[in-house]
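A.B. asks: sequence below, structure please.
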Amino acid sequence: MVLNIIIFVFWEGGKMKQDLLNRINYFGIETQKRKFGEEADELKEAITEYEMANNSIYNFNFEVLRNHIAEEIVDNLALLRQFQLYYGISDERIIEIFEFKNERTNFRIQNGFYKKDRF
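C.D. replies: Modelled structure (predicted):
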């Protein structure tokens, strides 16, 4: 599963875990909540920029645009991991909820609960 790979690569190192926990303790939860909002907006902007370029008649360097999206995803993952560590939520619980929500969404799509143009 993709989430397992992300956890292994991004989160398993003891030093990185400690660095992220130190960061949220240093800056504080309120600052990191604000920062997460900023980073989420930056990710949305990077995705919008890519999609606008994709629909343009002009040539763009899509590798640069994809790298920008990747950087913003990492910024968001780092903050999410800080919240997870700060609140003492185990990796196992995150995976359990992720799998449940994934299956629930699949069920809802297959049973017509969600429509593509609904959002």
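A.B. asks: what's around residue 82, how many residues?
C.D. replies: A count of neighbours around residue 82, defined by other CB atoms under 10 Å, yields 23. All C-beta atoms are positioned from the backbone trio N, CA, C, and that covers glycine.
A.B. asks: quick one, what contacts it?
C.D. replies: 20-21, 23-24, 32 (CB atoms under 8 Å, 6 or more residues apart in numbering).
A.B. asks: out of those residues, which are inside helices?
C.D. replies: Counting by DSSP state H, the part of the contacts of residue 82 found in helices is 20-21, 23-24, 32.
A.B. asks: ok, back up a step: could you pick out the buried ones from the contacts of residue 82?
C.D. replies: Buried residues within the contacts of residue 82, defined by neighbour count using 16 or more other CB atoms under 10 Å: 20, 23-24, 32.
A.B. asks: which one of those residues is nearest to residue 116?
C.D. replies: Using CB to CB, residue 32 comes nearest to residue 116 of these, at 34.4 Å.
A.B. asks: not counting sequence-adjacent ones, nearest residue to the closest one?
C.D. replies: Counting by CB to CB, 6 or more residues apart in numbering, the nearest residue to residue 32 once its immediate chain neighbours are dropped is residue 24, at 5.2 Å.
A.B. asks: now do the same contact list for that neighbour.
C.D. replies: Counted by CB under 8 Å, 6+ apart, residue 24 has contacts 32, 82-83, 85-86.
A.B. asks: if we can go back for a sec, export the contacts of residue 82 as CSV, with columns for distance to residue 77 and pLDDT.
C.D. replies: Below are the contacts of residue 82 laid out as CSV (distance: CB to CB, whole Å; pLDDT from 0 to 100):
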residue, distance to residue 77, pLDDT
20, 10, 93
21, 15, 93
23, 13, 96
24, 14, 97
32, 13, 98
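A.B. asks: chain center to the helix or strand encompassing residue 73: distance?
C.D. replies: Applying DSSP states H and E as the criterion places residue 73 in helix 62-86. On the basis of CA atoms, centre = their mean, to the nearest Å, helix 62-86 sits 6 Å off its chain's mean C-alpha point.
A.B. asks: and if you look at stretch 49-63?
C.D. replies: Computed by CA atoms, centre = their mean, the chain-centroid distance of stretch 49-63 equals 23 Å.
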